[in-house]
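A.B. asks: Below is the sequence, then the predicted model.
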Amino acid sequence: MRNFALVFVLSGVFATTARAVATISFDQLQVGEDVLNYYNGGFGNMGSGPGPSAGVIFSPGWIAGPPDTYGTPGGKSAAISGTAIVNVPAGWFGPTSFYYLGGPLTVNFYSQQNGLGSLLGTLNSPEESNFFATGLSIPLFQSAVFLAPNGDRIDALTNGAFVVPEPGTVQLLLLAAGFSRLIALRLKTRVCRGTRSSAGPGDRRGRGLSTYDHKLLKYATSAFISSAGRSSDCIPPAIILGVGDLSRWMR
């Protein structure tokens with residue numbers, strides 16, 4: 001039953017397109033290895049390879065090493081600092097996402113390789129002390145320039161889908177989205193009437209929620225809106241009342 005619920009939510013809420021999804025995990029490289037051309041059918045700087053022909057080329061400075069997003073023994077992410085570039089000569093487009101951990105991060109997407117051509121979009125993400133999901137939908141681009149002045153770790157670099165919120169909170173989101181959907185069906189009314197999505201940590205309706213909880217609230221609300229099949233600018237009361245206690249219970 002739990003597996004069915006997971007498949008339902010991931011396919012109904014987070015899936016965005018039927019086309020192939022490309023994901024780069026960095027797990028196949030050695031600890032301390034610079035990725036370089038490994039994901040373009042080439043080699044890392046320590047000789048790992050030949051890697052898969054994914055058509056993705058990394059500038060020097062993407063260094064594989066633990067931990068990964070999932071806490072898997074032997075799992076790896078890529079450490080970056082300063083400016084780090086990903087080139088995709090054939091181009092990527094649509095949902096582009098990844099997990100990151102570390103300082104504030106800016107990613108600029110360009111129409112040509114090595115940060116040349118037109119700027120197509122910018123992704124700004126705040127400092128995170130745990131791996132956190134981020135991404136955007138973007139027109140066809142050939143390079144992504146990562147600006148990490150304080151250093152970051154990147155994992156599960158994905159094109160063709162949005163990565164779900166960090167794996168440690170997926171159970172919470174499933175519960176919140178499912179509970180809200182049940183209430184909507186039961187009452188046959190607009191569940192979130194009178195409760196605005198702007199409720200913050202100091203708002204009476206969001207009382208007791210930390211910044212972390214409000215991030216979960218954002219994802220849970222999106223899940224509710226998608227599952228309910230309608231647009232809304234408010235947050236289901238069930239999520240507001242329960243997300244703080246549930247997230248603390250899961251930690």
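C.D. replies: Happy to help now that I have it.

A.B. asks: Residue 22 - nearest residue in space that isn't next to it in sequence?
C.D. replies: residue 159 (4.8 Å; C-beta to C-beta, 6 or more residues apart in numbering). C-beta here means a position set from N, CA and C on the backbone, and glycine is covered the same way.

A.B. asks: That neighbour - how many residues pack around it?
C.D. replies: 25 (other C-beta atoms under 10 Å).

A.B. asks: cool, residue 98 as well?
C.D. replies: 29.

A.B. asks: Settle this for me: it is touching residue 132, isn't it.
C.D. replies: No - contact criterion C-beta atoms under 8 Å: residue 98 and residue 132 do not qualify, at 9.9 Å.

A.B. asks: how about stretch 50-61: buried residues?
C.D. replies: Applying a neighbour-count criterion of 16 or more other C-beta atoms under 10 Å, the buried positions in stretch 50-61 are 51, 54, 56, 57, 58, 59, 61.

A.B. asks: Neighbouring strands - and their directions - for the longest strand along the chain?
C.D. replies: Counting by DSSP state E, the longest strand found in the chain is strand 128-159. Strand 128-159 sits in its sheet next to strand 22-24 (antiparallel), strand 77-102 (antiparallel), strand 105-110 (antiparallel), going by DSSP bridges.

A.B. asks: what about the stretch 1-150 of the chain, any weak spots by pLDDT?
C.D. replies: Applying pLDDT under 70 to the stretch 1-150 of the chain picks out residues 1-19.

A.B. asks: Return the residues in contact with residue 37.
C.D. replies: 43, 44, 49, 51, 57, 58 (C-beta atoms under 8 Å, 6 or more residues apart in numbering).

A.B. asks: Please tabulate the buried residues of stretch 50-61 in a markdown table, including the columns secondary structure and distance to residue 92.
C.D. replies: As requested, the buried residues of stretch 50-61 are exported to a markdown table (DSSP: H, G, I helix; E, B strand; the rest coil; distance: C-beta to C-beta, whole Å):
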| residue | secondary structure | distance to residue 92 |
| --- | --- | --- |
| 51 | coil | 17 |
| 54 | coil | 10 |
| 56 | coil | 8 |
| 57 | strand | 12 |
| 58 | strand | 14 |
| 59 | coil | 16 |
| 61 | coil | 20 |
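
A.B. asks: Which one of those residues is nearest to residue 140?
C.D. replies: Distances from residue 140 to the buried residues of stretch 50-61, taken as C-beta to C-beta, are shortest for residue 56 (14.7 Å).

A.B. asks: Count the neighbours of the residue lying closest to the closest one once chain neighbours are set aside for me.
C.D. replies: Closest residue in space to residue 56, ignoring its immediate chain neighbours: residue 39 at 4.3 Å, by C-beta to C-beta, 6+ apart. Residue 39 has 27 neighbouring residues, counting by other C-beta under 10 Å.

A.B. asks: Now for the buried residues of stretch 50-61: which two are most distant?
C.D. replies: Farthest pair in the buried residues of stretch 50-61, by C-beta to C-beta: 54 and 61, 18.9 Å.

A.B. asks: Show the contacting residues for the residue lying closest to residue 107 once chain neighbours are set aside.
C.D. replies: Computed as C-beta to C-beta, 6+ apart, the closest residue to residue 107 that is not its neighbour in sequence is residue 123, at 4.4 Å. With contact set as C-beta under 8 Å, 6+ apart, residue 123 has these partners: 105, 106, 107, 109, 134, 135, 136.

A.B. asks: Correct me if wrong: the fourth one contacts residue 143.
C.D. replies: Read it as residue 109. Yes - Residue 109 lies in contact with residue 143 (C-beta under 8 Å); the separation is 7.4 Å.

A.B. asks: Could you measure from the residue nearest to residue 34 when sequence neighbours are not counted over to residue 54?
C.D. replies: Leaving aside its sequence neighbours, residue 34 sits nearest to residue 45 (C-beta to C-beta, 6+ apart; 4.0 Å). Between residue 45 and residue 54 the distance, using C-beta to C-beta, to the nearest Å, works out to 18 Å.
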